[in-house]
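In: I would like the atomic coordinates for the input below:
(2 chains)
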Amino acid sequence: MTSRRGAAISLRGVGRTWSQADGRGAGVEAVDLEVRAGEFVCLLGPSGCGKSTLLNLIAGLDFPTVGAVEVGAARVEGPGPDRTVMFQDSALFPWLTLRQNVAFPLELAGVPRAEVRSRVDEALRMVHLFRFADAPVHTLSGGMRQRGALARALVSDPGTLLMDEPFAALDAQTRDVMYGELERVWQATKKTVVFVTHNVREAVRLGDRVVVMATRPGRVRKLIEVDLPRPRADADRNANLLAAVVMNELRDEISRVQREEADDAWTMGASPGAPGRRLGVGGGL
Amino acid sequence: MLARHARDGALWLAIGVSFRRLALGYAMSVGLGLTLGVAMAGSDAVRRGLGPIVTGLQALPSVCWLPLGLLWFGLSDAAILFVIVLGSALGVAISVDAGCRNVPPLYVRAARTMGASGVVLYRRVILPAALPEILTGMRLAWAFAWRSLMGAELLFVAGGLGHLLETGRELGDLPQVVAVMVVIVVLGIVSERVLFDWVERRLRVRWGR
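Out: Now for the predicted structure:
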């Protein structure tokens, strides 16, 4: 295990369960995880594995029922300026311009006006949106909105960036551009990043380490080091090999979820594309 | 008839009196409605306690408050304001409550991660996000306030357009009655347009709807 000193984020014996009555969200059990300062960690798993739950616990939006979550050696008591969060939806506020959106966290923190302006400009330049600073949010494309959300997450200069499938709603080309942008920004700012995704290639492309998670209960199944040079091209052979390894880890998790969600009569990957295969009723019968 | 009243100033005086009452009563309604609505949206206990009362009282036509208002405040403007406020504040409260609860939870979560909570969260995020819905409620409340005012002025003689209408009836002056009705309709429409159309258009442009 990594030494406690070097850990930017540390989860020890973390569990989060919901009672039957208010059971919203995927529970997690006995999660131990150390994230080093400046490390890019991807939480990977099928829906229901609790990866977003873990992110919420680190963000301080939710609290563990057992165990401890520490960021920078201090117990997480709630949201803090040392951690910012990006979501699948940009969550930029439609009643503000892009500039006002990016300025929002600084204004809440009581930063003087002149400093707000220069820091917002800097953040917008970093994500190449300076020219659109005064645009209303609805005029921006999906990719631009996510870059705006990234600027808003970076502007308060947090040590940790928490990302909950931030590119899942983008088209493939835009997503590819965003990988490059994020990688560049991350290398320039040296943030610790926890990145939640269900996309294996995305995890292998971006992460220093991939945390493969299992479902019911949500838990860590395997930690995989991604020791490949950056930037990793989409067609990189080693990356593809590693992605296949990770995919294997995930396969039975995913098929388990599929079975539960598609009433028993269907198994994933039993005979994909096999001749004579009828839709919906595969070899599981 | 209308020209005569316009010349001798009775019409303008009546409009002035009515609009002063309307403006004052509406401002109080919005203030009260906002406070009540935010309290209901912010606390389940408040909503459970006040919600049924607020919706229940909505079922009472506002003019029915006039006798109570007269008993409490006597033959004064305060009684009319009382009727206006009770006729329109509850609608504002309901729309504020509903608007706040319909705010996408993601906005709230995002705001919380940026350090917003409590009053700041409401002022900077929840209320702005709920504004389109609140504005609809405020628009309806304006119409309610206008009706409450006319109702109250009809029954309670103290200047204003409603009074002018009632005077027409007492004199058996059909043209005056109809003319004042037309004035009431026109003012109602125009004031609502002037106040809300512009604001709503700006909002739509900003939000891209």
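
In: Write out the residues of the stretch 51-200 of chain A neighbouring chain B.
Out: Contact residues (CB under 8 Å from any CB of the partner chain) of the stretch 51-200 of chain A with chain B: A:59-61, A:79-81, A:83-85, A:87, A:89, A:91, A:93-95, A:104-105, A:108-109, A:136-139, A:152, A:156. C-beta: built from backbone N, CA, C; applies to glycine.

In: What subset of these is buried?
Out: Those of these that meet the buried threshold are A:59-61, A:79-81, A:83-85, A:87, A:89, A:91, A:93-95, A:104-105, A:108, A:136-137, A:152, A:156, by 16 or more other CB atoms under 10 Å in any protein chain shown.

In: Take those and keep only those in helices.
Out: Mapping these onto helices (DSSP state H) picks out A:59, A:104-105, A:108, A:152.

In: any chance of those residues in CSV, plus pLDDT?
Out: Listed next are these as CSV, based on pLDDT from 0 to 100:
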residue, pLDDT
A:A59, 89
A:F104, 93
A:P105, 92
A:L108, 89
A:R152, 92
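
In: Which of those sits closest to B:W142?
Out: A:F104 (31.6 Å; CB to CB).

In: Please name the nearest non-neighbouring residue to that closest one.
Out: B:M114 (6.2 Å; CB to CB, 6 or more residues apart in numbering or on different chains).

In: which secondary element of chain B has the worst mean pLDDT?
Out: helix B:2-8 (a mean of 69; mean pLDDT, DSSP states H and E).

In: Just after that one, pick out the following helix or strand.
Out: Per DSSP states H and E, helix B:2-8 leads on to helix B:10-42 as the next helix or strand towards the C-terminus.

In: Pull out the buried residues from that next one.
Out: For helix B:10-42, burial by neighbour count (16+ other CB under 10 Å) applies to B:11, B:14-15, B:17-19, B:21-22, B:25-26, B:28-30, B:32-34, B:36-42.

In: Please name every helix or strand in contact with that helix.
Out: Helices and strands touching helix B:10-42, as assessed by 3 or more CB pairs under 8 Å, 6 or more residues apart in numbering or on different chains; DSSP states H and E, comprise helix B:2-8, helix B:44-58, helix B:77-101, helix B:127-155, helix B:161-170, helix B:174-192.

In: tally of neighbours for B:V46?
Out: 15 (other CB atoms under 10 Å in any protein chain shown).

In: these two touch, right, it and B:A39?
Out: Yes. Applying CB atoms under 8 Å, one finds B:V46 in contact with B:A39, separated by 4.8 Å.

In: Which residue does the stretch 101-250 of chain A have closest to chain B?
Out: Among the residues of the stretch 101-250 of chain A, A:H138 lies closest to chain B, at 2.7 Å counting by CB to the nearest CB.

In: wait, what's in contact with that residue?
Out: By CB atoms under 8 Å, 6 or more residues apart in numbering or on different chains, the contact set of A:H138 is A:94, B:207-208.

In: nearest to A:R216, of the residues you listed?
Out: Checking the contacts of A:H138 against A:R216 by CB to CB gives A:P94 as the nearest, at 37.3 Å.

In: That closest one touches A:T139, doesn't it?
Out: No. Between A:P94 and A:T139 there is no contact under CB under 8 Å: 10.6 Å.

In: what do those two both touch?
Out: With contacts defined as CB under 8 Å, 6+ apart, the residues shared by A:P94 and A:T139 are B:G208.

In: if I look at the residue nearest to A:F104, how far off is A:R75?
Out: B:M114 sits 21 Å away from A:R75, going by CB to CB, to the nearest Å.

In: Can you pick out the residue with more neighbours from those two?
Out: Higher neighbour count among B:M114 and A:R75: B:M114, with 25 against 10, using other CB under 10 Å.

In: Just the pLDDT for the more buried one.
Out: Note for B:M114: predicted pLDDT of 89.

In: which residues does the residue of chain B positioned farthest from its centre contact?
Out: Distance from the C-alpha centroid of chain B, by CA atoms, centre = their mean, peaks at B:T113 (36.3 Å). If a contact means CB under 8 Å, 6+ apart, then B:T113 has A:59-61, A:79, A:83-85 as its contacts.

In: Now for the nearest residue to A:K190 once chain neighbours are set aside: which residues touch it?
Out: Nearest non-adjacent residue to A:K190, counting by CB to CB, 6+ apart: A:G38, 5.0 Å away. Residues in contact with A:G38 (CB under 8 Å, 6+ apart) are A:8, A:190-192.

In: How much space separates A:G38 from chain B?
Out: 21 Å (CB to the nearest CB, to the nearest Å).

In: Secondary structure element holding that residue?
Out: Applying DSSP H and E, one finds A:G38 in no helix or strand.
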